[in-house]
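In: mind looking at a prediction? Sequence and model below.
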Amino acid sequence: MPRATRRSSESQALRILFIGSPNVALQEAFPSDCSRSVDITIVTDGRTALQRLTDASESPDDHDGPDLVLLQFDFELPDGMTLLHAIKSSPRLGALPVVVLDPDATGFDMTYEAGGNAYIEPPETPKGYVALIESIATFWVEHVQYPGESLYSNG
Amino acid sequence: MLPESLLDSVSLLSKKWHPAIVRCLATNDDNGFSDLERRLGDISAKVLTDALDELQEYDIIDRREISQSPLRVNYTLTQRGEELNEVIDSLAEWSETHLAEPETEQVVLVADDHKRIRTMHTDWLADEYTVRQASDGEETLRQLDTDVGVVVLDRRMPGLSGGEVLDWIRSQRYDIRVVMVTSEDVDFDLPDMGFDEYLTKPVRQAELRDVVADLFARHEYSTQLQQYLALQSKLALLRVEYPDDALSANEEYQRLQRRLDGLELTPAELEQADSEVLERVPIGGAQ
């Protein structure tokens, strides 16, 4: 069976999966204000998010998986905590960085208990998001060492 | 009050090398000094000499000179020593039963939105396994981790369905075997689902216990053999539900059959599967 070309390593854009309802017009802020090429996808419910991650893991050739997840807590089931746990317990996606954005600042302890990588209050302006994502990207993409294999490779 | 004599024997047994020497003498014939030194491993000559002296004082072992020059001795258990060895044996057995770390814990996750069924299935499994429970798809995801070996998964649950949970488990490459439980009729969507086994409600106790035990056994099998068994289970299910001519015309059935034929199992792999499993699979789920 012919396989689609793997794009994950060739494409330089940082793929971000935003799960929740951003408080600012996020997509408009990128790429114009951002020095880095960012490909941001927003899904507003947990079920779609789960489906996307399932697809990306199941057939990485057909579905691009995210490099980074920005996760809000306040959306429909499965909720943010469930998704965070699911990602962090997964043998495949455990290393995928998840940054939890919690406007109510209530899930601090839970986030770290479930293995979330960072817990922050969401920025209030598009510029704030750009700055946030640039700093996250610098850290997670340039500084952090990952296991040798791609998150989504079939192995 | 404990009798003095009991405390004496306990203190004798609590010495590091004494029980080991007794067992060594009980299980081997030639027990010269150097034989003992070798069999006991990292014991120094000084410590061994002292221990042998003490055991002789208690009349537990007997030292016999075989030759003077060069000096060769052989140690044997006395009658008292033989009796002590039996005590040590049963003590060893006792520790094996009560103190030994349990073998790796086997974790089953029972996911069902009906509390009564979930509790019942849990009770049936709780004596053999560590059982976690989940009352819906979301909770199943939260209970899931790499410690879980088998999931007993209700197909129809509110919120995330069993099918969605199953897709997640498979896509994440969990090394987890899944038995899907359902009250629905068998349909042709079923073969697309990545379960290993399938049970129809009402599930009987023996049936559930057998399936879970089989699925834990399958962890030891090769991926090919696991796929083979999962495919067999689905084919069998369809064979029970549909007449032959409907099956031969059904693409899904034919596709499964081709996948099964495409698997190249070695005779050793087939043998590896417990014959019980192979016997049970063809009737899997059919009631």
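Out: Thanks, I have it. Numbering: from 1, shown residues only, chains lettered A, B, ... in the order given.
In: so who does the residue nearest the centre of chain A touch?
Out: In chain A, the centroid-proximal residue (Cα atoms, centre = their mean) is A:V69; its distance is 1.3 Å. By Cβ atoms under 8 Å, 6 or more residues apart in numbering or on different chains, the contact list for A:V69 reads A:16-19, A:87, A:96-99. C-beta here means a position set from N, CA and C on the backbone, and glycine is covered the same way.
In: partners of the helix or strand that contains it, with directions?
Out: Taking DSSP states H and E as the criterion, A:V69 maps to strand A:68-72. Take DSSP bridges as the rule and strand A:68-72 pairs in its sheet with strand A:14-19 (parallel), strand A:98-101 (parallel).
In: name the next helix or strand following it along the chain.
Out: Criterion used, DSSP H and E; the element after strand A:68-72 is helix A:80-89.
In: ranges for the helices of chain A?
Out: All helices of chain A, identified by DSSP state H, fall at A:26-29, A:46-58, A:80-89, A:108-113, A:126-137.
In: quick one: closest of those to B:A206.
Out: Smallest distance to B:A206 across the helices of chain A (Cβ to Cβ): 32.1 Å, for helix A:80-89.
In: quick one: list the elements packing against that closest one.
Out: Using 3 or more Cβ pairs under 8 Å, 6 or more residues apart in numbering or on different chains; DSSP states H and E as the contact test, the elements touching helix A:80-89 are helix A:46-58, strand A:68-72, strand A:98-101, helix B:137-143.
In: wait, which of these is closest to B:M193?
Out: helix A:46-58 (13.1 Å).
In: next, the angle strand A:68-72 makes with that closest one.
Out: If you take axes from the mean of the first three to the mean of the last three Cα atoms, to 10 degrees, helix A:46-58 sits at 170 degrees to strand A:68-72.
In: any idea of the mean pLDDT in helix A:46-58?
Out: In this model, helix A:46-58 has a mean pLDDT of 92.
In: cool, stretch B:190-208 as well?
Out: The pLDDT scores in stretch B:190-208 average 88.
In: could you tell me the end-to-end distance of that stretch?
Out: End-to-end distance for stretch B:190-208, by Cα to Cα, to the nearest Å: 20 Å.
In: ok, and for that stretch, which residues are buried?
Out: B:190-191, B:193, B:195-200, B:203, B:207-208 (16 or more other Cβ atoms under 10 Å in any protein chain shown).
In: picking that back up, can you lay out the helices and strands packed on helix A:80-89 as TSV showing distance to B:V150?
Out: Output for the helices and strands packed on helix A:80-89, formatted as TSV (distance: least, Cβ to Cβ, whole Å):
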stretch	distance to B:V150
helix A:46-58	21
strand A:68-72	29
strand A:98-101	28
helix B:137-143	13
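In: right, so of these, which gets closest to B:N31?
Out: Closest to B:N31 of the helices and strands packed on helix A:80-89 is helix B:137-143 (Cβ to Cβ; 55.4 Å).
In: what about the helices in the stretch 151-287 of chain B?
Out: Assigned by DSSP state H, counting those that start in this stretch, the stretch 151-287 of chain B shows helices spanning B:162-171, B:205-218, B:223-241, B:244-248, B:251-262, B:267-272, B:275-280.
In: where does the chain have low pLDDT?
Out: All of this refers to chain A. For chain A, the stretches flagged by pLDDT under 70 are A:1-12, A:31-34, A:75-77, A:105, A:145-155.
In: ah, no, chain B please
Out: Within chain B, the segments meeting pLDDT under 70 span B:1, B:101-104, B:186, B:188, B:272-287.
In: show me which residues of it sit near chain A.
Out: By Cβ under 8 Å from any Cβ of the partner chain, the residues of chain B that approach chain A are B:137-138, B:141-142, B:144-146, B:159-160, B:164, B:167-168, B:170-175.
In: work out for me the element the residue lying farthest from the centre of chain B sits within.
Out: Relative to the mean C-alpha coordinate of chain B, counting by Cα atoms, centre = their mean, the farthest residue is B:S69 (54.8 Å). According to DSSP H and E, B:S69 maps onto no helix or strand at all.
In: what sits up against the helix or strand hosting B:L6?
Out: Per DSSP H and E, B:L6 falls inside helix B:4-13. The list of residues contacting helix B:4-13 from outside it, by Cβ under 8 Å, 6+ apart, reads B:18-19, B:58, B:87-88, B:91.
In: pull out the buried positions in it.
Out: The neighbour-count check on helix B:4-13 (16+ other Cβ under 10 Å) flags B:L12 as buried.
In: how about residues contacting the helix or strand following that helix?
Out: As assigned by DSSP H and E, the chain's next helix or strand after helix B:4-13 is helix B:18-27. Outside helix B:18-27, the residues within contact range by Cβ under 8 Å, 6+ apart are B:12-13, B:31, B:36, B:39-40, B:48, B:51-52, B:54-55, B:60-61, B:75-77, B:81-82, B:84-85, B:88-89, B:91.
In: now, of those, which are buried?
Out: Applying 16+ other Cβ under 10 Å to the contacts of helix B:18-27, the neighbour count classes B:12, B:31, B:36, B:39-40, B:48, B:51-52, B:54-55, B:60-61, B:75, B:77, B:81, B:84-85, B:88 as buried.
In: in helices only, show me the residues you listed.
Out: B:12, B:36, B:39-40, B:48, B:51-52, B:54-55, B:81, B:84-85, B:88.
In: show me which pair in those residues is furthest apart.
Out: Greatest spacing in those, by Cβ to Cβ: B:L12 and B:R39 (20.4 Å).
In: would you turn the ones in helices among the buried ones among the contacts of helix B:18-27 into CSV with distance to A:A29?
Out: Converted to CSV, those look like this (distance: Cβ to Cβ, whole Å):
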residue, distance to A:A29
B:L12, 79
B:L36, 79
B:R39, 75
B:L40, 74
B:L48, 78
B:A51, 79
B:L52, 83
B:E54, 82
B:L55, 83
B:G81, 85
B:L84, 81
B:N85, 80
B:I88, 75
